[in-house]
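> Let me see the structure of the following:
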Amino acid sequence: MCGRFSIAVRISYLADHFGPFDPSGISLPRYNIAPGEEVPVITSKDTTQITMMRWGLIPSWTTEERTAQAMINARAEGLGEKMMFRTLLSHGRCIIPATGFYEWKKSGNQKYPMYFTMKDQDIFGMAGLYDSVKAPDGRNNVSFTIITTAPNSLVIPFHNRMPAVLKQEDEKKWLDPGYSTGEKLVSMLNPYPAGLMETYQVTKRVNSPSFKSETAVEEDNSGTTEDLRKWDTR
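So this is what the prediction gives:
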């Protein structure tokens, strides 16, 4: 599961990585993004435009949007065989920009948030699916889910899932409408190489979705009762 992430860069960094786009309506950086919030997303429909979407997929076939349970994650395994995702895999693919994501380490009754990011601190793209639902007032409510895959050796001590982080050479392919074969698409959703990533403990204030300070992504070993090096299994 991926239940919290960050986009801890200014808007210009998104353009450097993903290409030029209209920055209006986008507010960055974002240090502690939680389900239900609107975040910038790049779609296969128009790769030159970034769309603000709500995190938590409400599919278009839902009859009661207000009572539907939003799906914040979708498992990569069997994605092409599941009817509810097959159509979205064909024409509803998207990339969610990120600079890191959070998981939690349990120690006794305590939960310590761990931040996972790239060693070079670069921005990366998480694979996702999106859809839109027509609201009673005529507006299109657009939402997305983050695809998860098996964890790499860096993540596995903390959780049995991780976001499907795309290799940079696969980002254009993931958004390319020409890649419509499920097998080719799912092959891009393998665990990201652990050797290119790092993790460290951050403040427990991250446990609250309302905590939005830049210190959310800063290393903080205060209160640690264990040597975190033993968790690094690379």
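> dump the residue contacts of residue 35.
3, 55-56, 70, 72 (CB atoms under 8 Å, 6 or more residues apart in numbering). All C-beta atoms are positioned from the backbone trio N, CA, C, and that covers glycine.
> distance of it from residue 210?
To residue 210, residue 35 is 13 Å away according to CB to CB, to the nearest Å.
> Reduced to three states, what does the closest residue to residue 59 other than its chain neighbours come out as?
Distances taken as CB to CB, 6 or more residues apart in numbering put residue 131 closest to residue 59, at 5.0 Å, once the chain neighbours are dropped. The three-state assignment at residue 131 reads strand, by DSSP: H, G, I helix; E, B strand; the rest coil.
> Around residue 131, how many other residues sit close by?
By other CB atoms under 10 Å, 22 other residues sit near residue 131.
> cool, and residue 146?
So residue 146, with other CB under 10 Å, has 26 neighbours.
> For residue 181, report the pLDDT, please.
Confidence at residue 181, expressed as pLDDT, is 68.
> so what's the residue nearest to residue 218 when sequence neighbours are not counted bridging to?
Nearest residue to residue 218, sequence neighbours excluded (CB to CB, 6+ apart): residue 202, at 6.5 Å. Bridge pairing for residue 202 (DSSP bridges) gives the partners residue 219.
> Just to check, residue 202 is in contact with residue 216?
Yes - in this structure, residue 202 is within contact of residue 216 by CB atoms under 8 Å, at 6.2 Å.
> CA atoms only for the worst-scoring helix or strand of the chain on mean pLDDT, dumped as PDB, please.
When the helices and strands of the chain are scored by mean pLDDT, DSSP states H and E, helix 182-186 comes last with a mean of 80. Extracted C-alpha coordinates of helix 182-186, given in PDB (Å, rounded to 0.1, in the frame of the first residue of the first chain):
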ATOM      1  CA  GLY A 182      -1.600  -5.400 -21.100                       C
ATOM      2  CA  GLU A 183       1.500  -7.700 -20.900                       C
ATOM      3  CA  LYS A 184       3.800  -5.000 -22.100                       C
ATOM      4  CA  LEU A 185       2.300  -2.400 -19.800                       C
ATOM      5  CA  VAL A 186       2.400  -4.700 -16.700                       C
END
